[in-house]
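K.L.:
sequence below, structure please.
(chains A and B)
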Amino acid sequence: MKQADSSVDINMSAPAYYERDVMVNLEHGLHLVPCSKIAELAKRYSCNAIIIKDGRSIDAKTIFDLMTLGAVKGTRLTLHCQGEKADELIEKLVALFESDFQA
Amino acid sequence: MIIKRGIAVSPGVVSGPALIIGTEDFRIPYKMVRADVVEGEVEKVKVSLAKVATEIAESERVASERIGKQYGAIFGAHLMMAQDPKLANEIEELIRHRRFSAEFASSQVLRKYAKQFQDLGDAYFAERATDIFDLEKRILRHLLGERREDLAHLTSPVIVLSRNLTPSETAGLNRKYVKGFATEIGGHTSHTAILAGALSLPAVVGLGSFLSEVSGGQMVILDGNRGEIIIDPDDETLDRYKDSAEEMRSVRKRFELLRGLEASTKDGLRIQLQGNIEFPEETEMCMEHGADGIGLYRTEFLYLGSSTIPSEEDHYEAYRKVIAAMNGKPITIRTLDIGADKIPGYFSHLYNGEANAALGLRSIRLSLQELTLFKIQLRAILRAAVGADVGVMFPLVSTLLEFRQARATLLDVMEDLEEQGIEFNRHVRIGMMVEVPAAAIMAREFAAEVDFFSVGTNDLIQYTLAADRSDPAVAKWFNSGDPAIMRLLKNVGEAAVEHDISASICGQICSDPKFIPVLIGLKFKTFSVSPQAIPEIKEVIRSLDSQRIEEITRKVFTFDSARSIETYLQGELIKLCPEVTR
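P.N.:
Coordinates of the predicted model:
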């Protein structure tokens, strides 16, 4: 398991903390439209949502950061969600990736 | 009625309603604001972002309804960007902490992201920078309170009026509806002007500030022969222009008679009169005017026309088209000459906006750095050249080492093709553009190694006289007739004779009839001009003989200023060919 960037505050002792690995299967990678779907979904929740790629972590609620991940097809990403309804959000995010953003 | 005078860069007279393209060119200047207006600037950004969001939401709705949900989703993503609090926060921070103006701060933040996308190294992501620029335009449109009418959605004939047009915007003009264009800035030999000539699109540039005096839809006459635009012309003027259109037609008829005649002087010195082209379609005009070949085939359109890197097949097809159309006549293909005012998006990471592009990483320098790309082009040229007389010309060569490196790359590519058993022409001529003063000075050393010279006078003049060709403030230094230029040309011509290689000129100077006698006198025997200039230049060549040429050339070298040289040459031209007057 990859560690989150130290600049992102993840309180391991908090109860509602979830982590999942996903794979980018999209032909053109995590481009503008899928990024907007992630941000749109994440923004509906008050919990934190972080995506980690190669040790760099970004806020899943901002489309600009998501785009700068440059996650091409075949990239492995780690999702972190913590806070209220974090379990629900992480399931939905994983579903988004697994359905190749058709969901 | 208002008459404005500028620089005539592409002939022809057209009239029609004006289409004004917004004066903001989206290169927002650095601007700081006073502390007491900071709050106001922050508020302006918030209001603009909100308006942009409403606008995009509307685009999303329309696109989804009319063309499908997947297209609407693109605007959905734009909407997410406009509403991303990170964007607003970063802009606000630049305004508060660095006192940037609202528009400069917005532009800075968005361009930072655009650059990050481009730097990701993946073509598909790099292209998303365009989405950022789109958002930038929308925001700036609100902040600056101006509107950029869209060139892409024309449905009726117009005359385009603009502060400036980039070469790619010019190339992208819809020729069905755009009858001509006029710009406030730009000079004689800017690439936009050259492109206009290539497209046979009447154009006037360097008009100075005039956009505030005309409104969209107003009747405009654009006179590309005299370099004038007439806004809201009166009846008398309209009639006068009808008459001069008749006159133009009779001159054309006379030129048509020249088509089948050779470009030789009275005493039989044969000059090769070739055409400069950019697009394969232009070969038609060259053949129509009886060109002896293509002396300069510019290949930038392959790179500027699309946002992705052209494939070997894209190159090959374009070259084959030209080779087939020219029916055995010689063709000189110039390798990538990008830089300065023309940089496609996928190269932008190599440039930082502040540096002096004319003295930067352009042309052959770029090709030798991006060898993979360079080899794609060379492979296509070698393959396309099978059974044809083709020259490969490297632009902007400044040192012998650079030429050798470029030639070695070409030989490498030949070896690869050989190994792969792919058919190619191993006897292509290998030459160079002489356009850097260093190369003109070292002409003898170069002449021992190259198959041919082609002098690009536009850049040679710009570099020799240190005058930016597109800057009206220094345009008076940019003179083809400068004695320093005459001396450099003399050196190049003599070096070519000593080493028995061909020396041609492909710059604008040889499309100007008054220079023809002295250029022949300096030992240049091939001229490559814009296709539409061929008949006129041919007429001048046919009026000359060796004695006149020698006299004129000797006399030119007695003058010490561009003005006296050009005045003298103009006077001689009137004596030689009274019909050809400029």
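K.L.:
from chain A, how far off is the nearest residue to residue B:479 once chain neighbours are set aside?
P.N.:
Using Cβ to Cβ, 6 or more residues apart in numbering or on different chains and skipping the chain neighbours, the partner closest in space to residue B:479 is residue B:562 (3.6 Å). For every residue, glycine as well, the C-beta is placed using N, CA and C. The gap separating residue B:562 from chain A is 52 Å, by Cβ to the nearest Cβ, to the nearest Å.
K.L.:
equivalent analysis for residue B:406, please.
P.N.:
33 Å.
K.L.:
what sits against the residue nearest to residue B:479?
P.N.:
B:479, B:480, B:481, B:482, B:483 (Cβ atoms under 8 Å, 6 or more residues apart in numbering or on different chains).
K.L.:
give me the number of residues near residue B:34?
P.N.:
Neighbour count for residue B:34, taken as other Cβ atoms under 10 Å in any protein chain shown: 9.
K.L.:
quick check on it: phi, psi?
P.N.:
phi -70, psi 150 (degrees, to the nearest 10).
K.L.:
show me what contacts the closest residue to it other than its chain neighbours?
P.N.:
Closest residue to residue B:34 apart from its sequence neighbours, by Cβ to Cβ, 6+ apart: residue B:99 at 7.8 Å. Shown in contact with residue B:99 (Cβ under 8 Å, 6+ apart): B:32, B:33, B:34, B:35, B:38.
K.L.:
can you put these in a markdown table and add pLDDT and secondary structure?
P.N.:
Listed next are those as a markdown table, based on pLDDT from 0 to 100; DSSP: H, G, I helix; E, B strand; the rest coil:
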| residue | pLDDT | secondary structure |
| --- | --- | --- |
| B:32 | 78 | strand |
| B:33 | 83 | coil |
| B:34 | 84 | coil |
| B:35 | 84 | helix |
| B:38 | 90 | helix |
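K.L.:
picking up where we left off before, in terms of pLDDT, where does the residue nearest to residue B:34 sit?
P.N.:
Model confidence at residue B:99, expressed as pLDDT, equals 90.
K.L.:
right, and the helix or strand after whichever strand or helix holds residue B:50?
P.N.:
According to DSSP states H and E, residue B:50 maps onto helix B:38-66. Scanning forward in sequence from helix B:38-66 by DSSP H and E, the next helix or strand is helix B:69-83.
K.L.:
buried residues in that following helix?
P.N.:
Using 16 or more other Cβ atoms under 10 Å in any protein chain shown as the test for burial, helix B:69-83 gives B:72, B:73, B:74, B:75, B:76, B:77, B:78, B:79, B:80, B:81, B:82, B:83.
K.L.:
and for stretch B:445-460?
P.N.:
B:446-447, B:450-460.
K.L.:
next: stretch B:88-99.
P.N.:
B:88, B:90, B:91, B:92, B:94, B:95, B:99.
K.L.:
in a helix, the fifth one, correct?
P.N.:
This points to residue B:94. Yes: judged by DSSP: H, G, I helix; E, B strand; the rest coil, residue B:94 forms part of a helix.
K.L.:
for it, give its distance to residue B:111.
P.N.:
Residue B:94 is 12 Å from residue B:111, where distance means Cβ to Cβ, to the nearest Å.
K.L.:
which residues in the stretch 51-200 of chain B form strands?
P.N.:
Along the stretch 51-200 of chain B, counting by DSSP state E, counting those that start in this stretch, strands occupy B:158-162, B:178-183.
K.L.:
so how many other residues sit close to the nearest residue to residue A:25 once chain neighbours are set aside?
P.N.:
Leaving aside its chain neighbours, residue A:25 sits nearest to residue A:100 (5.5 Å; criterion: Cβ to Cβ, 6+ apart). Per other Cβ under 10 Å, the neighbour tally for residue A:100 reads 12.
K.L.:
okay, residue A:100: pLDDT?
P.N.:
At residue A:100, pLDDT is 87.
K.L.:
still on that earlier bit, from the buried residues of helix B:69-83, which are also near chain A?
P.N.:
Taking Cβ under 8 Å from any Cβ of the partner chain as the test, chain A is in contact with B:73, B:74, B:76, B:77, B:79, B:80, B:81 out of those.
K.L.:
so what's the third one up against?
P.N.:
Each residue near residue B:76 by Cβ under 8 Å, 6+ apart is listed here: A:33, A:36, A:40, B:60.
K.L.:
in a markdown table, list those along with pLDDT.
P.N.:
Compiled in a markdown table, the contacts of residue B:76 are given as follows (pLDDT from 0 to 100):
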| residue | pLDDT |
| --- | --- |
| A:33 | 87 |
| A:36 | 91 |
| A:40 | 91 |
| B:60 | 83 |
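K.L.:
top of those residues by neighbour count?
P.N.:
Of those, with other Cβ under 10 Å as the count, residue A:36 tops at 24 neighbours.
K.L.:
list the contacts for it?
P.N.:
A:63, B:73, B:76, B:77, B:79, B:80, B:81 are the contacts of residue A:36 under Cβ under 8 Å, 6+ apart.
K.L.:
give me that answer again for 6 Å
P.N.:
Contact partners of residue A:36, counting by Cβ atoms under 6 Å, 6 or more residues apart in numbering or on different chains, are A:63, B:76, B:77, B:80.
K.L.:
state the pLDDT value of the second one.
P.N.:
I take that to be residue B:76. 86.
K.L.:
gap between it and residue B:113?
P.N.:
Residue B:76 is 18 Å from residue B:113, by Cβ to Cβ.
K.L.:
the third one now?
P.N.:
Using Cβ to Cβ, residue B:77 is found at 13 Å from residue B:113.
K.L.:
where does chain B have its least confident helix or strand?
P.N.:
Lowest on mean pLDDT, DSSP states H and E among the helices and strands of chain B sits helix B:167-171, with a mean of 67.
K.L.:
touching stretch B:281-299 from outside, list them.
P.N.:
B:259, B:272-278, B:322, B:325-326, B:329-334, B:504, B:506, B:528, B:531, B:534-535.
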